[in-house]
Each structure stands twice: as structure tokens, then as C-alpha cells.
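Undergrad: give me a 3D structure for the following:
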Amino acid sequence: MKILVVGGGGREHAICWKLSQEKNVEKIYCAPGNAGISNVAECLDIKDTELDKLADFAYDNKIDLTIVGPEVPLVMGITDIFKERGLRVFGPDKSCSRLEGSKLFSKEFMVRHDIPTAKYKEYTDIEKAKAEIDSFGYPVVIKADGLAAGKGVVIPTTREEALETLDIIMKDKKFGEAGDLVVVEEFLTGVETSILAFVDKNTIIPMESAKDHKKIFELETGPNTGGMGTFSPSTIYTDELAKKVYDEVLIKSLEGFQKDGLEFRGILFVGLMLTPNGEKVLEYNCRFGDPETQSVLMRLETDLSEIMMAVTEDRLEDVHIKYTDEAAACVVLASGGYPESYEKGKVIKGLDNVDDSIVVFHSGTKFVDQDIVTNGGRVLGVCSRGKTVEDAANNVYANIDKISFEKMHYRRDIGVKYEQSK
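TA: Next comes the predicted model:
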């Protein structure tokens with residue numbers, strides 16, 4: 001098989017890494033890829049938003065399967081374009097991708113199909129939103145309706161912060177058109193977790209669980225990021241919880257797709273809050289989470305290409321998906337200043353010094369001459385397996401000390417016991 005992976009982050013590196021170990025995969029291309037991905041795939045000078053160029057490449061090079069990593073090309077309709085050209089593609093079409101591309105669409109879907117979620121109201125008029133903001137209580141959740149690179153959700157704790165947030169999103173257009181409409185929700189208390197699932201027209205199969213850490217600093221403090229680290233399995237996601245989520249969320253989601261005529265084929269990511277009143281859905285994503293993918297794929301034993309081909313042919317139910325009993329951990333090394341402003345172009349040292357048991361997935365890197373340099377907010381994901389989550393995490397932290405770049409920042413509490421005095 002010849003496979004094209006669309007994207008250039010840590011998620012796509014993990015996908016390419018997994019595919020590179022599979023016997024039936026002859027050649028992997030990645031567009032645009034990054035410095036790390038170039039070790040396991042041929043990187044192409046095509047942006048992940050240049051949909052027609054991607055389709056032309058896949059057609060001209062007889063690509064057997066295209067795997068779409070990021071949300072933006074999915075929401076733009078890459079799957080529809082590929083299918084029109086007779087090309088096989090893994091990822092939901094434009095209609096289904098609205099579940100991630102529009103907060104309002106996903107909330108309406110949940111309510112329509114009796115999927116538990118927070119109470120909400122949508123606004124296109126900033127003055128009306130400001131006039132009614134107090135009715136939700138504080139803290140309050142304010143979401144830009146469209147895509148905002150994982151940063152469009154703000155949780156103000158006071159009226160003053162809420163009004164400022166509405167100005168930033170709706171008036172100043174920090175997230176562009178994504179802020180033309182906002183969804184305001186009640187704030188849910190509890191423990192946050194998530195689950196990824198493979199989905200085809202008839203079947204939904206949850207993956208092994210993973211715990212993501214969104215806050216920039218230890219002990220879940222500071223602003224939200226795209227994710228500072230994960231481990232799998234999640235200590236929160238018990239067998240009992242897994243059954244409840246499957247029955248109340250996953251199956252209802254699949255049935256909702258069928259009732260609404262949405263032919264969803266790909267990955268469904270479900271963000272959850274475990275509240276005193278039961279599990280409630282925070283959000284849907286229509287692709288692998290990042291960096292959850294890194295931990296989950298470290299444990300996946302079944303060929304990823306086999307699963308994805310089955311999804312495209314609506315025969316997912318026939319695939320037996322296996323995972324290793326070992327745990328996995330991933331710690332993200334980020335640029336100083338992330339998730340706000342940060343500098344790029346810092347030379348990364350020590351990548352060749354890590355142990356053989358370590359896999360370093362590149363999220364934001366590129367080559368400058370012979371050097372690998374930083375090229376994003378999240379730069380690297382240092383990953384390992386171990387008998388337990390703590391074993392895997394300890395191995396990661398022992399090797400992080402061998403890697404360095406100017407202003408490198410990472411959390412020190414992913415998957416390990418952590419004392420605040422450290």
C-alpha cells in the first residue's frame with residue numbers, strides 16, 4: 001500500500017511511525033510533515049489546506065489510502081474532494097465534520113439525540129450576550145463557534161472577565177470568523193476525561209483510554225493549551241465508566257448519525273466531564289486528539305492501516321483490535337511563552353542521546369541546514385512504554401534531561417507523583 005498522511009504535527013508523526021512498522025505498507029508520504037516525520041515518510045511541500053494539490057498528488061501517484069490528521073482540512077471538505085476524484089480517504093466528510101467545526105451544530109446534535117451535555121445558549125449579538133451573561137452564573141463557559149486551534153474555549157470566573165472575553169471573541173475577532181457566533185454554557189464541575197473511537201456507518205469501537213493534561217503548568221494551573229502530555233490507560237476510565245459512556249454517549253452518537261443521515265467514517269473524539277449528576281459531553285472532535293494519539297498508538301498492536309481500510313469499507317465490526325497490556329506516557333516539550341507568543345528557530349540538541357526505549361514524536365520542528373529547530377508552540381512529544389503509567393513516565397523524564405533547546409518548557413507531573421515544592 002501507498003499511503004498519504006495529511007498534516008505535520010505530533011499526531012501525524014505518531015500515525016506515520018505506526019504505519020512504518022506495518023508489512024503491507026510499502027510507502028508513506030506526509031504533507032507537509034516535519035523534521036521528525038522525514039525519518040519514516042517522504043515529506044511533501046504541500047500545505048494541509050491545499051486540498052486540490054493534495055488530491056492531484058494522490059491521484060497522480062496512485063495513493064491507496066489518504067489519512068487526514070488535522071481538523072481544518074476535514075472541516076474544509078477534503079474528504080468530499082477526494083471521493084469526487086475516486087480516491088480512498090480516511091476521515092469524516094464536510095457534513096459530519098461540522099460536529100467539530102461548529103460548537104452550535106454539535107450542541108444541537110447532542111440535545112436532539114438525548115446525549116447528556118451542559119445547558120447552553122447561542123449568541124450572534126454581543127450586546128444580548130452581555131445582557132444575559134449573568135444568568136449562567138460564574139464561572140461560565142464561553143466558546144467561539146468555529147475552529148480556533150483548540151484555544152476558542154474560555155472560562156471566565158467573574159462578570160468583568162466574561163464581558164472582556166465576549167469583546168475579545170466577538171468584537172476584536174481574536175479567532176476570526178470563528179467568533180461570529182458564541183455558545184455560552186453552564187460551567188460543569190467534576191473530573192475531565194475523554195475517549196477516542198473508530199467509527200464507520202454501522203459500528204463504533206472505543207480505543208484504549210488516555211488521560212490528557214491541557215493546562216500549561218503543573219497541578220492543572222495556567223491557561224489551556226493543545227495538550228501538554230498524556231498517559232494510557234487513564235486511571236479515571238474504569239470498566240464501569242467505559243460501559244456507561246458506550247451506552248449513553250457512543251452508541252447514541254452512532255444512532256444519531258444514522259438518524260440524521262450523517263455517514264460518519266473516521267475518528268470520533270469525545271471530551272467528557274464526570275459530574276456529580278453523571279457523565280456529560282463537553283465537545284466532539286472528528287479526528288485523533290493530540291497528544292492522546294501518541295500514547296494510544298504506542299499501545300496499538302493491530303495494524304492501523306487494516307483498521308482504517310475497514311472503516312472506509314464499512315466493515316469495522318470484522319476487525320479485532322488489540323493493544324499491549326503495557327502502559328504509555330507522553331510529555332510535551334513546548335516553546336517558552338506557549339500558548340501565547342513564543343519564538344521559533346531554536347536549535348534542538350540531544351535527540352540522538354535518548355534511550356532506545358524512547359520515541360520522540362515531532363510536533364513543531366523543521367530543518368535549517370543540518371540542524372533541527374523549533375517551529376511551533378508544541379515542539380516534541382517524548383514517549384515511552386512501561387509496565388505501569390508511572391514506569392513509563394519515569395523513563396520519559398529520565399530522558400528529557402538529555403534534550404534541550406532555548407526556553408524549553410514542560411510539565412513535570414504527567415503520570416507521576418508530584419510535589420508542588422519541586
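
Undergrad: strands along the stretch 151-300 of the chain, start to end?
TA: For the stretch 151-300 of the chain, the strands defined by DSSP state E, counting those that start in this stretch occupy 153-154, 182-186, 191-199, 204-206, 211-212, 215-217, 221-224, 229-232, 266-275, 278-285.

Undergrad: and the first one, what does it pack onto?
TA: Judged by 3 or more C-beta pairs under 8 Å, 6 or more residues apart in numbering; DSSP states H and E, the packing partners of strand 153-154 are strand 140-144. (Each C-beta comes from the backbone N, C-alpha and C, glycine too.)

Undergrad: how far off centre is the strand it packs on?
TA: 19 Å (C-alpha atoms, centre = their mean, to the nearest Å).

Undergrad: just the C-alpha atoms of that strand, please, in PDB.
TA: Only the C-alpha atoms of strand 140-144 are listed here, as PDB (Å, rounded to 0.1, in the frame of the first residue of the first chain):
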ATOM      1  CA  VAL A 140     -19.200  30.500  32.900                       C
ATOM      2  CA  VAL A 141     -18.000  28.800  29.700                       C
ATOM      3  CA  ILE A 142     -17.700  30.900  26.500                       C
ATOM      4  CA  LYS A 143     -16.900  29.100  23.200                       C
ATOM      5  CA  ALA A 144     -16.200  30.600  19.800                       C
END
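
Undergrad: quick one: average confidence on it?
TA: Mean pLDDT, strand 140-144: 94.

Undergrad: likewise for stretch 321-334?
TA: Per-residue scores along stretch 321-334 average to 98.

Undergrad: do you know the pLDDT at the residue positioned nearest the centre of the chain?
TA: In the chain, the centroid-proximal residue (C-alpha atoms, centre = their mean) is residue 289; its distance is 2.0 Å. On the pLDDT scale, residue 289 is placed at 92.

Undergrad: again with residue 150
TA: 67.

Undergrad: out of the strands of the stretch 151-300 of the chain, which is closest to residue 108?
TA: Taking C-beta to C-beta, strand 182-186 is the member of the strands of the stretch 151-300 of the chain nearest to residue 108, at 10.1 Å.

Undergrad: could you pull up the mean pLDDT of stretch 82-98?
TA: Stretch 82-98 shows a mean pLDDT of 98.

Undergrad: cool, stretch 212-229 as well?
TA: Here the average pLDDT along stretch 212-229 is 92.

Undergrad: contacting residues around that stretch?
TA: For stretch 212-229, contacts defined as C-beta atoms under 8 Å, 6 or more residues apart in numbering pick out 149-151, 153, 194, 230, 289-292, 329-332, 334, 338-340, 377-378, 381, 409-415, 418, 420.

Undergrad: now with 7 Å?
TA: By C-beta atoms under 7 Å, 6 or more residues apart in numbering, the residues outside stretch 212-229 that reach it are 150-151, 153, 194, 230, 289-292, 330-332, 334, 338-339, 378, 411-414, 418, 420.

Undergrad: which stretches of this structure have low pLDDT?
TA: 150, 419-422 (pLDDT under 70).

Undergrad: please, where are all the helices along it?
TA: Assigned helices in the chain, in chain order: 10-19, 51-60, 71-76, 78-84, 98-101, 103-112, 126-132, 159-166, 239-245, 251-260, 292-299, 304-312, 389-400 (criterion: DSSP state H).

Undergrad: ok, back up a step: the strands of the stretch 151-300 of the chain: which one's closest to residue 126?
TA: Comparing the strands of the stretch 151-300 of the chain against residue 126 with C-beta to C-beta, the closest turns out to be strand 182-186 (8.4 Å).

Undergrad: so what secondary structure elements neighbour the closest one?
TA: For strand 182-186, the packing partners by 3 or more C-beta pairs under 7 Å, 6 or more residues apart in numbering; DSSP states H and E come out as helix 103-112, strand 120-123, strand 140-144.

Undergrad: most packed of those?
TA: Among these, ranked by average contacts under mean count of other C-beta atoms under 10 Å, first place goes to strand 140-144 (a mean of 24).

Undergrad: okay, the angle between that one and strand 182-186?
TA: Put simply, strand 140-144 runs at 160 degrees to strand 182-186, going by axes from the mean of the first three to the mean of the last three C-alpha atoms, to 10 degrees.

Undergrad: quick one: strands adjacent to strand 140-144?
TA: Pairing partners of strand 140-144, with direction, according to DSSP bridges: strand 153-154 (antiparallel), strand 182-186 (antiparallel).

Undergrad: what's the neighbour count on residue 44?
TA: Residues contacting residue 44 under the criterion other C-beta atoms under 10 Å number 20.

Undergrad: give me every residue that touches the closest residue to it other than its chain neighbours.
TA: Spatial nearest neighbour of residue 44, chain neighbours left out: residue 31 (4.1 Å); criterion: C-beta to C-beta, 6 or more residues apart in numbering. With contact taken as C-beta under 7 Å, 6+ apart, residue 31 is in contact with 4, 6, 44, 46, 48, 54.

Undergrad: about what we covered before: just send the strands paired with strand 140-144 back as TSV, with mean neighbour count too.
TA: Shown next, in TSV, are these (neighbours: other C-beta atoms under 10 Å):
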stretch	mean neighbour count
strand 153-154	20
strand 182-186	21
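
Undergrad: bridge partners for the residue lying closest to residue 357 once chain neighbours are set aside, pull those for me.
TA: Nearest non-adjacent residue to residue 357, counting by C-beta to C-beta, 6+ apart: residue 384, 5.6 Å away. Here residue 384 sits in beta bridges with residue 329, residue 358, as judged by DSSP bridges.

Undergrad: surely residue 384 meets residue 356?
TA: No. Look at residue 384 against residue 356 with C-beta atoms under 7 Å: they stay out of range, at 10.4 Å.

Undergrad: name the residue in these two with the higher neighbour count.
TA: residue 384 (28 against 5).

Undergrad: do you know how far the more buried one is from residue 354?
TA: Per C-beta to C-beta, to the nearest Å, residue 384 is found 9 Å from residue 354.

Undergrad: and for residue 90?
TA: Separation of residue 90 from residue 354 (C-beta to C-beta): 31 Å.

Undergrad: more neighbours: which of those two?
TA: Counted by other C-beta under 10 Å, residue 90 and residue 354 do not tie: residue 90 has more neighbours, with 27 against 20.

Undergrad: what residues are up against the more buried one?
TA: Going by C-beta under 7 Å, 6+ apart, residue 90 touches 65-68, 266, 308, 311-312.

Undergrad: roughly how far does the residue nearest to residue 357 sit from residue 404?
TA: For residue 384 relative to residue 404 (C-beta to C-beta), the value is 18 Å.
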